[in-house]
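J.: after the sequence you'll find the predicted model.
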Amino acid sequence: MTSEPQADAPALVLRLEGVSKRFSLNEGEAVVALDGIDLELRKGDFVTIVGSNGAGKSTLLNVISGAVPCDNGRVRIRGIDVTSWPQYRRAHMIAVVLQDPKTSVAPSLTVEENLAVALSRGKRRGLHLALTRSRRRGLQEQVSGLVHPLANRLRQSAGSLSGGERQMLAVVMASLAGADVLCLDEHCASLDPLRAPEVMAVTDAAIRNRGLTALMVTHNLELAVNYGNRLLVMHRGRIAVEITREERAGITAQELMDRFRSATGGATLPARAILPE
Amino acid sequence: MVDLFATSAEQGLVLCLVTLGIVISFRIADFPDLTVDGSFATGASVAAVGLVAGLPPLLAVGIAAVAGAAAGTATGILHTKLGISKILAGILMMIMLYSVNLRIMGRSNVPLLDVRTALTPLENVNWAHSAAFIIAFGVLALAARGVLDWFFSTDLGLALRAVGDNERMAVAAGVNPDSAKILALAMANCLVGLSGALFAQTVGFADVGMGIGMIIIGFASLLIGEAVFGRRSIARLTAAAVTGTIIYQLIVGTALRLGLAPTDLRLATGLMVVAALGLSRRAAQRRAGAEAGTAA
């Protein structure tokens, strides 16, 4: 899903070229998770990705973040080929928020310590104090701007936060150090219906306020059509439908479902894909 | 009685360096490192051989600490680069160090009775020479604790704590997990090697078997200290390590005076750890039950 660049188009941030990934199963069988994916993201793009289970959505994010190496193809960020880089080395370019609130923060560290770890993303970690007075003040301002309630709880352990609060903290952490691409892997899926919209609002504010380029995987078509400026529907390791920036405005969940059926010869998204998370 | 307190404090302040090492590996890096039993004897062996060869005592102690760090680094490499499990990497290193220590010493035991050691100047103090040992070891223990408290509040130290607490999150934040684990094990076993070097000079010999069971002694000491201070912060953990080791030595000294056979000491220590772990598990279950009840 690449296109000819226009003269006034925002800078190209992420480019995937023929990215493929297979996972081996028992007895020599393999499942194709990604099948020659081509994708371009320009500065400020907020791409939502939906698809059935096993469509390759999370694998796509994992390949981009470096958590999973791809078998074929190239991953370029700002034109730099990072295909062979491990995840920690890409972290200053790619920030990730995971699905499970238990894995998205370090529970024994305080909220501000979690933020300090994230703030040093891409910098040399030396023997200077992680939380000086000025750094604390800066972190408090950053948090106040996005998640006001957390600003008063910076010295509490992150383990004492609720699932929704942990995900909000994870979003703030991911947006702190100016990564090029923010990957959100169903980060609202484990939350209760009241908390999920709050976390999504914080996410949207972080993306808008900081001009981030983002990819969000979700099973929720409502979220997929309500947020972002581009929408992808994946099926069997491929991008089956792409709703471009121009088509994006006004599309409904039902229209998206119809286009998906038509593109895949009648396949349907799982029922929970259209239910609020 | 005063003698019991003095001996316990003296031994506790030397061995608390092992417990501080265990704080780094077990509690901070989440790495149950069994290298300790070998690296303690490595520190003792290297220091003893250096002292017998006429090296300046502080240099011999410094080399012993570096040897301990090298052992920890090797364990870290076995785990991170060769994919060997944490427990097995530690066991392998512990077993290999037994032979290494024999090689270093050339025999199983090196006496230090007629050799000038780092502690010789303290032995010449006329007034209460036990007090001089306690003050010297106390300063060293507090310095080690202070360095750890400071290190784990730096950017690098915080990254290491993040890897031990949630490796996925730390990696996503750009921390190299392999380097962090190797650094943690090097630091932990550096302290253990240093403790072995000082212990050998305290007792007047280095022996290839002197590290056996040290991991359990350190762990028991830590559990005792954590019962007093808890483990909610690095400062509490390091305070628990120092205090717990002294209390453990007091308990052991008292038990021996009350007739516990020295040969049963390891068994008693092991049972103490089992009891402490069992009690802490039951307490955690009670807490979880109470929280669930409150939530309901």
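T.: Perfect, thanks for sending it. Numbers count the residues shown, from 1 in each chain, chains lettered A, B, ... in the order given.
J.: for the residue in the stretch 51-200 of chain B that chain A sits nearest to, which non-adjacent residue is closest in space?
T.: As assessed by CB to the nearest CB, chain A sits closest to B:G174 within the stretch 51-200 of chain B, at 3.3 Å. Quick note: C-beta positions are derived from backbone N, CA and C, even for glycine. Excluding the flanking residues, the one nearest B:G174 by CB to CB, 6 or more residues apart in numbering or on different chains is A:A91, at 3.3 Å.
J.: then B:D33?
T.: B:S25 (3.9 Å).
J.: that neighbour contacts B:F31, correct?
T.: Yes: judged on CB atoms under 8 Å, B:S25 makes contact with B:F31 at a distance of 4.9 Å.
J.: joint contacts of the two?
T.: Applying CB atoms under 8 Å, 6 or more residues apart in numbering or on different chains, one finds that B:S25 and B:F31 are jointly contacted by B:184-185.
J.: what helix or strand is A:V75 on?
T.: Using DSSP states H and E, A:V75 maps to strand A:72-77.
J.: now that strand: buried residues?
T.: Of all the residues in strand A:72-77, those buried under the rule 16 or more other CB atoms under 10 Å in any protein chain shown are A:73, A:75-77.
J.: what residues does the stretch 51-200 of chain A have near chain B?
T.: A:65, A:67, A:86-89, A:91-92, A:95-96, A:98, A:103-109, A:113-114, A:116-118, A:120-123, A:125-131, A:157, A:173-174 (CB under 8 Å from any CB of the partner chain).
J.: again, only using 6 Å
T.: A:87-88, A:91-92, A:96, A:103, A:105-106, A:108-109, A:113, A:116-118, A:120-122, A:125-127, A:129-130 (CB under 6 Å from any CB of the partner chain).
J.: show me those that map onto strands.
T.: Residues of these located in strands (DSSP state E): A:V96.
J.: mind listing the strands for the stretch 151-277 of chain A?
T.: A:181-185, A:213-217, A:230-235, A:238-243 (DSSP state E, counting those that start in this stretch).
J.: turn these into CSV, including mean pLDDT.
T.: What follows is the strands of the stretch 151-277 of chain A, written out as CSV (pLDDT from 0 to 100):
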stretch, mean pLDDT
strand A:181-185, 96
strand A:213-217, 96
strand A:230-235, 91
strand A:238-243, 89
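J.: between these, which gets nearest to A:G54?
T.: Evaluated with CB to CB, the strands of the stretch 151-277 of chain A place strand A:230-235 nearest to A:G54, the distance being 9.6 Å.
J.: so what does the closest one touch, helix or strand wise?
T.: If you count contacts as 3 or more CB pairs under 6 Å, 6 or more residues apart in numbering or on different chains; DSSP states H and E, strand A:230-235 packs onto strand A:46-51, strand A:238-243.
J.: that strand: how far from the chain's middle?
T.: Here the centre of strand A:230-235 is set off from its chain's centre by 14 Å, with CA atoms, centre = their mean, to the nearest Å.
J.: who touches that strand?
T.: Applying CB atoms under 6 Å, 6 or more residues apart in numbering or on different chains, the contact partners of strand A:230-235 are A:45, A:47-51, A:55-57, A:224, A:239-243, A:245, A:260, A:264.
J.: okay, angle between that strand and strand A:213-217 too, please.
T.: Angle, strand A:230-235 to strand A:213-217, by axes from the mean of the first three to the mean of the last three CA atoms, to 10 degrees: 40 degrees.
J.: thinking again about what came up before, biggest separation within the buried residues of strand A:72-77, which pair?
T.: A:G73 and A:I77 (13.9 Å).
J.: local confidence estimate at the residue nearest to A:G211 when sequence neighbours are not counted?
T.: Nearest residue to A:G211, sequence neighbours excluded (CB to CB, 6+ apart): A:G44, at 5.8 Å. The confidence metric pLDDT takes the value 92 at A:G44.
J.: quick check: which ranges of the chain have low pLDDT?
T.: Since you didn't name a chain, this refers to chain A. Along chain A, segments meeting pLDDT under 70 span A:1-8, A:269-277.
J.: the intended chain is chain B.
T.: B:1, B:125-129, B:287-296.
J.: mind listing what's buried in stretch A:22-40?
T.: In stretch A:22-40, counting by 16+ other CB under 10 Å, buried: A:32-35, A:37, A:39-40.
J.: hang on, A:G73 packs against A:K21?
T.: No: counting by CB atoms under 6 Å, A:G73 stays clear of A:K21, with 8.7 Å between them.
J.: in CSV: the strands of the stretch 151-277 of chain A, plus mean neighbour count.
T.: Formatted as CSV, those follow (neighbours: other CB atoms under 10 Å in any protein chain shown):
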stretch, mean neighbour count
strand A:181-185, 24
strand A:213-217, 26
strand A:230-235, 24
strand A:238-243, 20
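J.: in a markdown table, list those strands along with distance to B:R281.
T.: Formatted as a markdown table, those follow (distance: least, CB to CB, whole Å):
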| stretch | distance to B:R281 |
| --- | --- |
| strand A:181-185 | 34 |
| strand A:213-217 | 38 |
| strand A:230-235 | 45 |
| strand A:238-243 | 49 |
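J.: can you give me the neighbour number for the closest residue to chain B within chain A?
T.: In chain A, the residue that lies nearest chain B is A:A91 (3.3 Å; CB to the nearest CB). Under the neighbour criterion other CB atoms under 10 Å in any protein chain shown, A:A91 is assigned a count of 26.
J.: against B:G38, how distant is it?
T.: 35 Å (CB to CB, to the nearest Å).
J.: can you check B:A184 too?
T.: 17 Å.
J.: looking at these two, which is more packed in?
T.: A direct count of neighbours by other CB under 10 Å for B:A184 and B:G38 places B:G38 higher, at 32 against 25.
J.: my guess is the more buried one meets B:M96, correct?
T.: No: in this structure, B:G38 is not within contact of B:M96 by CB under 6 Å, at 7.4 Å.
J.: now the terminal residues of stretch A:55-72, how far apart.
T.: Chord length of stretch A:55-72, first to last residue, is 18 Å (CA to CA, to the nearest Å).
J.: about what we covered before: which one of the helices and strands packed on strand A:230-235 lies nearest to B:L119?
T.: When these are compared by CB to CB, strand A:46-51 sits nearest B:L119, at 66.6 Å.
J.: and residue 159, how many neighbours?
T.: The chain I'm using is chain A. Residues near A:G159, counting by other CB under 10 Å: 15.
J.: meant chain B actually
T.: 23.
J.: which residues of chain B fall in helices?
T.: B:2-22, B:36-52, B:57-80, B:86-105, B:120-123, B:129-151, B:155-165, B:167-172, B:177-203, B:214-229, B:234-257, B:265-295 (DSSP state H).
J.: cool, thanks, talk later.
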